[in-house]
Structures are given as structure tokens and as C-alpha cells.
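Engineer: From the sequence below, what's the structure:
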Amino acid sequence: PMTARGEETAEACDRLREAGVALRGGASRLDTDDLRSGYQDMDGVLQAMPGHDRMVDTVLDGFLSGVPGRDPCAVTKLTDWLRQRPATRNLLDRSADIVPKLAPLALLDCGDQRANAGDWAGAQALYQQMVDQYPGHELAERAQRGLKQAKEGLELKHLTSLGSGYCKTPAVYSAAPPYAKGTTDPAVVYATDTYDDHVKRLPGEWQADNSHATMVVCVGQRDSGASVRSCRYREDVSGRVRNVTFTKIAYPVKAYELRTGNVVFDGRVEIGGAACPAVITLFGDDQVYVTPADSDIRAAFAPVFTP
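Structural biologist: Model (predicted):
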């Protein structure tokens, strides 16, 4: 009997040695197949070889003690696997005891890593998992802050991807400053005509990037505005005298508050300027635009940016 007992113990040692190798490899590579194999080997010893519980305990302790010191994202994956592992109704089930001790902080720290890398969707999923699984935990408030940050990060990422398409499909960036009258509301400006010099001459302090803007301002196609003055010009070649009317430069403009996506300005802007210079160049048109100074452009757009 002692010989048989010794042979069984030797076999248990071999199986548990293999289990330890599988567990270490599974933890290092985050390979769930190896983890499953290690636990199956330990469970097999418990089921088929009674009396070797302490040996199994030693192998299990060796695996569990190595989980806390790992990268938080690795800890998250390992605790997720342990939480979902089917119960075997033996000492292996104590593996689940470390999950609530390690998972909450690991989820948050891994979420922070994802957020710092710009993976807002991944961060959001981890923060949400923390909130859902541990709603009363002392770190739940930090998870809520992370969720808010991730939501804003996703909104900003979507906003950036839209570009000028925002003018067709307005979006919300909830972290944007609120629109306010009586002050300057900096904006991201999109123009239908990207070569239009007038829009490019808007004051720099009126413009901002997506992360600091209050509004998105969409400037449509240039058109003729109100008539300013008509003057007579003589053509060089034919000598014919023509009346030329100078008009303001008009743009349809629509502005959206970034924080809500609401329309805060929807109208027409007309830029005035100098008319009737001594010499002009005509291309078969008896109507031309005035020549605006920077101050004329500023005055015309002031109701949009400084309401």
C-alpha cells in the first residue's frame, strides 16, 4: 500500500507540475486555454487522487499570489477569467475570493491607460464594467469621473472626424464652454469656398480648435448683397461708358453651440467696403463687389462671434 501511495503521489506531483507550468504560461500570455488546462489538471488531482489537497493548494497559491503584481490590464483579464470560471465545488473555488480585492482598482488603472493612449472606447468599457460590477465600491466615484472623461473624449474624436461635415450633421461636445451673449464666442469656422479670402481674414481671437471652441460657424457660398454705389467707367478699347454697381459681399451663415448642437445664429452677413476705385477690371459684368478692409469684415461678422 505504501508503494502504491507513493506512486500515486508521484503522479500527482507530475500532473501538478504541468498545471503550474500551464498557469504560469497562461498568466504571462493571458492565454485562457492554458489557464483552463491548469485548473483542469488541479481539479483532476482533487477528484481522482484524494489526500493531495495540500499539494493542490500550494500550486494554486503560487498562481494566485502572482496575479496582483502584474500590469493592471493583465490583472483585469485574469480576474475576469477567474470571475467567469465555472464553480467546481472544491478548494479551487477560493480563486474567486481575490477578484473583488483586485478587480476594481485594476479596471480603473487599465481604463486610465486606455484613456491616456486615446482609446476612449476601451476606457469607457472598463469604467462602465467597474460601475456595473462594483456600484457601492469606494472607487465608484472615480469610475464615474472616468466615464465622463471617456464620453467627452469620444465626442471630441467624432467631432474631429466630421470636419466640415459638421455643417450637415451637427454633433455635441459636452465639454465645450457654454455659448454666452455679451462676450466673444470662439469658433471652428468652415467655409463652403475654402479659397475665400474674406473668411480667412476673420480675427484670430475669434477662432479656436475643436477642444477649445464654443461654436462651429458654417459660412456658405458668397453672393451679392445690398448695392452700395454706382459709378461710370470708360472701357479702354471701345471707349464705351458703362455704369458699374458695387455691392456688399453677402454670406449665409449658420452657427451651432458645440455644447448642445443648438443653432445660435442663422442669418445673412453682408460685408461693406470701399467702392468706385479709379480703375477696375471687368469681365462682362456690370456688378462688382466692394473691397473690404479687415475692419469691415470684423464689423460684418461681429453679430455672430460677439453677440
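Engineer: neighbouring strands for the longest strand seen in the chain, and are they parallel or not?
Structural biologist: Criterion DSSP state E: the longest strand present in the chain is strand 241-257. Note on strand 241-257: by DSSP bridges, its sheet partners are strand 215-219 (antiparallel), strand 223-234 (antiparallel), strand 263-271 (antiparallel), strand 287-289 (parallel).
Engineer: so which of these is the most packed in?
Structural biologist: strand 215-219 (a mean of 24; mean count of other C-beta atoms under 10 Å). Glycine gets a C-beta too; all of them are placed from N, C-alpha and C.
Engineer: CA atoms only for it, dumped as CSV, please.
Structural biologist: These are the backbone C-alpha positions of strand 215-219, laid out as CSV (Å, rounded to 0.1, in the frame of the first residue of the first chain):
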residue,chain,number,x,y,z
MET,A,215,-19.3,77.3,-31.6
VAL,A,216,-19.0,75.9,-35.1
VAL,A,217,-19.6,78.5,-37.7
CYS,A,218,-20.6,77.4,-41.2
VAL,A,219,-20.2,80.1,-43.9
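Engineer: Touching it from outside, list them.
Structural biologist: 164, 166-167, 170, 179, 185-192, 196, 199, 251-258, 264-265, 269, 304-305 (C-beta atoms under 8 Å, 6 or more residues apart in numbering).
Engineer: now swap in stretch 22-41 and tell me
Structural biologist: Against stretch 22-41 from outside (C-beta under 8 Å, 6+ apart): 15-16, 18-21, 59, 62-63, 66-67, 70, 74, 77-78, 81, 85, 88, 92.
Engineer: Which members of the contacts of strand 215-219 are classed as buried?
Structural biologist: 166-167, 170, 179, 185-191, 199, 251, 253-258, 264-265, 269, 304-305 (16 or more other C-beta atoms under 10 Å).
Engineer: Output the strands paired with strand 241-257 in TSV; the columns should cover mean pLDDT and distance to residue 119.
Structural biologist: Output for the strands paired with strand 241-257, formatted as TSV (pLDDT from 0 to 100; distance: least, C-beta to C-beta, whole Å):
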stretch	mean pLDDT	distance to residue 119
strand 215-219	98	26
strand 223-234	94	45
strand 263-271	97	33
strand 287-289	89	49
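Engineer: I am finished for the moment; much appreciated.
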